[in-house]
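1. I would like to see how this sequence folds:
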Amino acid sequence: MKKYSVLLAVVALVLASFACQTVTGGGNNFQVPDAPDMPNATEAPQTGDEMEIPTMPPIITEDGGITIGGESEFPMPDDAMNVINMGSDVLNFQTKLTLDEGMSFYRDAFGKLGYTERDILTVTSSTTFSMVFDGHASGKAIAVQGVDLSDGTINISITLSDI
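-> I've put the predicted structure just below:
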């Protein structure tokens, strides 16, 4: 009886390996896809392959903050740090203002520039705010969003978009 159990176990293993194609060498037909053509960084770009490379290096300020992208048309508090200006449409930075102070700053600053707040789109909570202003020369709306980072600073993001 023990012979039949061992024989049955061997037959089961052989059948399982055929099912997995290990005995016949199957399943080894996987082809790694070719990598897409990328311009070589050491070669000059070909026509149509030009990539825009940022030309402004990061600037480390006296207080250890980082500024990238230069000046912005949007007003910022005097203590703005880690400023990232991504073209004319996006500005991001941190400040030590509270959320309420951040909202007041932009209501005052954009009010002085002649922009009007869309009150219906103003949303606040204990950790965030979002405001939208109209009147930009481009015809686009200015969205200002603030998030409490829980370390005594808030992150403010300003975007110019079709809202």
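2. which stretches in this protein count as helices?
-> Using DSSP state H, the helices of the chain run over 2-20, 99-112.
3. lowest-confidence stretch among those?
-> Of all the helices of the chain, the minimum mean pLDDT falls on helix 2-20 (a mean of 67).
4. the nearest residue to residue 138 once chain neighbours are set aside - how many residues pack around it?
-> Distances taken as Cβ to Cβ, 6 or more residues apart in numbering put residue 160 closest to residue 138, at 6.6 Å, once the chain neighbours are dropped. (C-beta placed from N, C-alpha, C; glycine too.) Other residues within reach of residue 160 by the criterion other Cβ atoms under 10 Å amount to 18.
5. how many residues are close by the closest residue to residue 106 other than its chain neighbours?
-> In this structure, residue 106 finds its nearest non-sequential neighbour in residue 144, 5.0 Å apart by Cβ to Cβ, 6+ apart. Using other Cβ under 10 Å, residue 144 is surrounded by 24 other residues.
6. now residue 144: how far from residue 94?
-> 14 Å (Cβ to Cβ, to the nearest Å).
7. okay, now the unreliable bits of the protein?
-> 1-4, 6-12, 18-30, 32, 35-70 (pLDDT under 70).
8. and the strands in it?
-> 59-60, 66-67, 81-86, 90-95, 116-117, 123-124, 128-134, 141-148, 154-161 (DSSP state E).
9. tell me what angle the last one forms with strand 81-86.
-> Inter-element angle recorded for strand 154-161 and strand 81-86: 20 degrees (by axes from the mean of the first three to the mean of the last three Cα atoms, to 10 degrees).
10. just the CA trace of strand 154-161, in PDB.
-> Extracted as PDB, the C-alpha positions of strand 154-161 are listed here (Å, rounded to 0.1, in the frame of the first residue of the first chain):
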ATOM      1  CA  ILE A 154       1.000  77.400   6.600                       C
ATOM      2  CA  ASN A 155       1.500  76.500   2.900                       C
ATOM      3  CA  ILE A 156      -0.100  78.900   0.400                       C
ATOM      4  CA  SER A 157      -0.600  78.000  -3.200                       C
ATOM      5  CA  ILE A 158      -1.800  80.600  -5.700                       C
ATOM      6  CA  THR A 159      -2.900  79.500  -9.200                       C
ATOM      7  CA  LEU A 160      -4.200  81.400 -12.200                       C
ATOM      8  CA  SER A 161      -6.800  79.300 -13.900                       C
END
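11. thanks a lot, catch you later.
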